[in-house]
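Engineer: Quick one: sequence plus predicted model below, questions after.
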Amino acid sequence: MTLVPEHPWIRVRDLPNHVGETVTLRGWVRNHRSSGKIHFIEVRDGSGIVQVVCGKWDCDEETFAQAGTLTQESSVEIVGEVREDKRSSLGVEMGLSSLKIYHLAESYPITKKEHGVAFLMDHRHLWLRSRRQQAVMRVRHTIVKAIRDFFDDRGYYLMDSPILTPAACEGTTTLFPVEYFGSEAYLSQSGQLYQEATAMAFSKTYCFGPTFRAEKSKTRRHLTEFWMVEPEMAFFDIEDDMNEAEAFICHIVERVLETNRSDLEELERDLTALEATTPPFPRVHYDEAIEILQKLGSEIEWGSDFGGNDETILTQQYDRPIIVHHFPTAIKAFYMKQQPDRPELTCSMDVLAPEGYGEIIGGGERETNLDTLQEAIKHHGLDMSVFEWYLDLRRYGSVPHAGFGLGLERTVSWICGLKHVRETIPFPRMLEKMVP
RNA sequence: UCCGGCUUAGCUCAGUCGGUAGAGCGGGUGGCUGUUAACCACCAAGUCGUUGGUUCGAGUCCAACAGCCGGAGCCA
């Protein structure tokens, strides 16, 4: 048995390279129009959409009649000739000489008119077939590949961090508890501590996987399960870290711009905003950021973290991502390196995306001094015993090192110009949202 | 957890001053030789979120609850 067709099976995206040839098209009927003696069938296969035109004179009577019965989302195999057509955005359309209907779809819930978000989220498994969602998913795909390529090409090794962990990495956010052979484990909220270990073994490593936060956040930038890539570099200080993050973001945006033009057009993304993503990103010291925000009317005081609105008004001052650095020690995780001459500050940094998108990267240089680190763990009220292995990294060949974490969904959201991160992952997990 | 909003046909919504329910899309039937969310005609489709209250009478006014949406806090 085989499903290899007689005529070559061509994906929609590649049809313009086969003008004049008879090919096999496989996919789902996005829409069907008819004027009695001529059918227009829009077929989608995930790579694009093509219009199949079937006149009564083009095929036998039975085939023509069958084409007339096609409903939205019916699955089909069509053999026909690829023809150049300037009216099509793809540049080509297809004729129809034979038609195989795999399945005649029932009345499809997602119609051609508008739908509410709640309804669409409940039908996420079907919503993924729509044009806009496919554009977003293809951009996500490109970004994931660009992320891997960036690190792989720079001598990083992929070192997956565990997802089941014994305790909070940072002790800040709420974790999902898991029953683990009679004791309690948690779903990982960050792979970072493990990357510090692997970086001491391989110099430069990264992990890229799902991350879990049990925070009851109901905003456009939160998911309970999201993907994060976390590189960690030995012999890097905070300056090196910022430079790497900057090159990384530029690489991702550049790759999307060269790979996903038509998807960005579908999403009506303003390209000039993305094209501005070139080095150098403005570096804004925390002290300076507070001054700017206060001048702009924010109530923020030195020592606080930015509110959502602060991030928005600050980033609106710039045309590209900015890097805010040296946040106060009090609002950062225990492993952040304290600035030697100003211990109230850490060698930390956040990359904030423009256009109000805000934080997409958080990172910094790590504390290398054993005593300082032990104090910080105590100060944060964390259980020292589960960090013994981590402290070993400062006992055996401790070196300056730094890293960062990039939130994939927030990055996709920014690059696609979306209003909410829930559309950037195939099946979002949110407060009150587990199905589908 | 707190604040605000919404809930009427499968979907998106309208429903005036409180007087027993409407449109478009989708579905069905028929028509149409180039359509682009095609178009035209006809047909079917409703426990107005739930419970209680006010009233001769509630989709409409009041209360509670539920679900969803948005924002805050927290973070990527």
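Structural biologist: Done, it's in.
Engineer: okay, now the domains of chain A?
Structural biologist: Structural domains assigned to chain A are A:12-103, A:124-423, following automatic domain parsing.
Engineer: pretty sure residue A:404 contacts residue A:231?
Structural biologist: Yes - applying CB atoms under 8 Å, one finds residue A:404 in contact with residue A:231, separated by 6.6 Å. Quick note: C-beta positions are derived from backbone N, CA and C, even for glycine.
Engineer: Between those two, which contacts overlap?
Structural biologist: Counting by CB atoms under 8 Å, 6 or more residues apart in numbering, the contacts common to residue A:404 and residue A:231 are residue A:244.
Engineer: Those two: who's more crowded?
Structural biologist: More crowded of residue A:404 and residue A:231, by other CB atoms under 10 Å: residue A:231, with 28 against 25.
Engineer: my guess is the more buried one meets residue A:403, correct?
Structural biologist: Yes - contact criterion CB under 8 Å: residue A:231 and residue A:403 qualify, at 5.5 Å.
Engineer: which neighbours do those two share?
Structural biologist: residue A:195.
Engineer: Nearest to RNA strand B within the stretch 251-400 of chain A, name that residue for me.
Structural biologist: residue A:307 (3.0 Å; CB to the nearest atom of the strand).
Engineer: now the lowest-mean-pLDDT helix or strand in chain A, how far from the chain's geometric center?
Structural biologist: Ranked by mean pLDDT, DSSP states H and E, the weakest helix or strand in chain A is helix A:117-122, scoring a mean of 84. Here helix A:117-122 is found 20 Å from its chain centre; the criterion is CA atoms, centre = their mean, to the nearest Å.
Engineer: Go ahead and name everything in contact with the helix or strand just after it.
Structural biologist: Next in sequence after helix A:117-122, counting helices and strands by DSSP states H and E, comes helix A:124-127. By CB under 8 Å, 6+ apart, the residues outside helix A:124-127 that reach it are A:73, A:108, A:109, A:110, A:120, A:121, A:133, A:426, A:427, A:428, A:436.
Engineer: Correct me if wrong: the second one contacts residue A:71.
Structural biologist: Yes - taking CB under 8 Å as the definition, residue A:108 is a contact partner of residue A:71 at 7.1 Å.
Engineer: which residues touch the top strand by length along chain A?
Structural biologist: Longest strand of chain A, by residue count under DSSP state E: strand A:22-34. The contact list for strand A:22-34 (CB under 8 Å, 6+ apart) reads A:5-10, A:12, A:15, A:39-46, A:49-50, A:52, A:68, A:70-82, A:94, A:97, A:105, A:112, A:129.
Engineer: Tell me the buried residues in that strand?
Structural biologist: A:22, A:23, A:24, A:25, A:26, A:27, A:28, A:29, A:30, A:32 (16 or more other CB atoms under 10 Å).
Engineer: any residue of it up close to RNA strand B?
Structural biologist: Yes - applying CB under 7 Å from any atom of the strand, one finds strand A:22-34 touching RNA strand B at A:31, A:33, A:34.
Engineer: OK, contacts around residue A:373?
Structural biologist: Residue A:373 neighbours (CB under 8 Å, 6+ apart): A:334, A:335, A:367, A:391, A:394.
Engineer: Narrow those to those that are buried.
Structural biologist: By 16+ other CB under 10 Å, these give A:334, A:335, A:367, A:394 as buried.
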